[in-house]
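In: Only the shape, not the letters, is given here:
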Ligand SMILES: Nc1ncnc2c1ncn2[C@@H]1O[C@H](COP(=O)(O)OP(=O)(O)OP(=O)(O)O)[C@@H](O)[C@H]1O
């Protein structure tokens, strides 16, 4: 279902090629995330000045916020090659040893979804990050011996959507950790205009603002909505995207004025109509909309929380007064409604404290 969702931040097959074409190539072209950009620039340039490999970098934040793009930029700024792999691709320590032992001096290793790496590989990574060494185990059982092997000094760029799930010892080995937050509409507007320029789409400023505002704070979604409004403008008009055309296209694709799509509204509606606004456990809520708990938790909830429509409490998910208002429903008189936090969590902490009361 994720692939079909227009406002899912997960990468679809269509996105892959477009993502590559639209990626900024240098830190200066990377829009938004001011603080991360500035801090990273210092880390990289001081390492370059000293002629050293920079500290390992951990990037955390939701899908589509630019973690892969930043990893590519880091390698480009350092003038070094980039190797890309991911946690799920590393099933055994041997898989990681094969990657680490073939890195060249100063190479940047991008390890996406680092929280999903196999445990034995994690331990190998500790040693590699700290001492630039791996222990290759030869043989089995009591006769097994570990042969230390020096590897090239490299910079690890780890990316995770779930910083709270990373073991402490792994987190501690990163010299620089950056949390990537949702983007402001004004930043997304710049991204939409830049992407439109690269894709040759004529778009009015108000239309770019409309697309930006409904993109859930996420560049990947902004780029995807831009392509859909372009399609609409090409088929139903002369190709120029005006504000009216953008609004009509987004309505057709069921992306509402706040950027909520069908799943978001289904989650809210279930929470309000089936559970009286909560509290209800994540799994129960997910089942009631026919989704996996992880999809509801990672895809729908962060945005609903950020919009102040849903609160994640230790007792379960609770709708806010704004949620009732958004769907045009009246809360029961007994409901003690939270007002919503309004802002996204600055870290994965909310994921950590949440105890599932199902
Ligand atoms: N700051 C930015 N400025 C301009 N474009 C951006 C920015 N951040 C991301 N993008 C665009 O958004 C798209 C998705 O970015 P990217 O693939 O880097 O996200 P991600 O965080 O790595 O996602 P995932 O976690 O799914 O791998 C790319 O096309 C990229 O060009």
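Out: That came through, no problem. Here the structure is a predicted model, which means the values were calculated and not measured.

In: Do you have the strands of the chain handy? List them.
Out: Applying DSSP state E to the chain gives strands spanning 57-60, 82-86, 108-112, 133-138, 145-150, 155-160, 176-179, 310-313, 316-319.

In: The stretch 101-250 of the chain: helices as residue ranges?
Out: 119-131, 168-172, 185-199, 205-213, 219-236, 243-252 (DSSP state H, counting those that start in this stretch).

In: Near the ligand, which residues of the stretch 51-200 of the chain? Just list them.
Out: Within the stretch 51-200 of the chain, the residues that sit near the ligand (Cβ under 6 Å from any ligand atom) are 63, 64, 65, 66, 67, 68, 69, 112, 191. For glycine as for every other residue, the C-beta is placed from the backbone atoms N, C-alpha and C.

In: do that again at 5 Å, thanks
Out: Counting by Cβ under 5 Å from any ligand atom, the stretch 51-200 of the chain comes close to the ligand at 63, 64, 65, 66, 67, 68, 69, 191.

In: from the stretch 201-350 of the chain, which residue is nearest to the ligand?
Out: Proximity of the stretch 201-350 of the chain to the ligand (Cβ to the nearest ligand atom) peaks at residue 219, 3.4 Å away.

In: just for the protein, where's the confidence low?
Out: Judged by pLDDT under 70, the chain has its weakly predicted residues at 1-17, 334-358.

In: tell me the domain ranges of it?
Out: Here the domain parsing of the chain from automatic domain parsing is 33-179, 185-252, 260-358.

In: With mean neighbour count as new columns, can those domains be given to me in JSON lines?
Out: Shown next, in JSON lines, are the domains of the chain (neighbours: other Cβ atoms under 10 Å):
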{"stretch": "domain 33-179", "mean neighbour count": "17"}
{"stretch": "domain 185-252", "mean neighbour count": "20"}
{"stretch": "domain 260-358", "mean neighbour count": "18"}
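
In: Those domains into CSV, with extra columns for distance to residue 21?
Out: Shown next, in CSV, are the domains of the chain (distance: least, Cβ to Cβ, whole Å):
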stretch, distance to residue 21
domain 33-179, 12
domain 185-252, 7
domain 260-358, 24
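
In: Residue 226 is in contact with residue 18, correct?
Out: No: between residue 18 and residue 226 there is no contact under Cβ atoms under 8 Å: 9.6 Å.

In: Which residues are in contact with each of these two?
Out: Common contact partners of residue 18 and residue 226 (Cβ atoms under 8 Å, 6 or more residues apart in numbering): residue 199.

In: list the contacts for residue 144?
Out: 137, 138.

In: What separation do you get for the residue of the chain most remote from its centre and the ligand?
Out: Taking Cα atoms, centre = their mean, the residue of the chain most remote from its mean C-alpha position is residue 143, at 44.2 Å. Residue 143 sits 42 Å away from the ligand, going by Cβ to the nearest ligand atom, to the nearest Å.

In: Next: residue 38.
Out: The separation that residue 38 has from the ligand, given Cβ to the nearest ligand atom, amounts to 13 Å.

In: And that residue, how far from residue 320?
Out: 34 Å (Cβ to Cβ, to the nearest Å).

In: quick one: which of the residues of the stretch 51-200 of the chain next to the ligand sit in helices?
Out: 67, 68, 69, 191 (DSSP state H).

In: residues in contact with the closest residue to the first one other than its chain neighbours?
Out: Beyond its immediate neighbours in the sequence, the residue positioned closest to residue 67 (Cβ to Cβ, 6 or more residues apart in numbering) is residue 159, lying 4.1 Å away. Taking Cβ under 8 Å, 6+ apart as the contact definition, residue 159 lies against 58, 59, 60, 67, 68, 71, 110, 111, 112, 113, 114.
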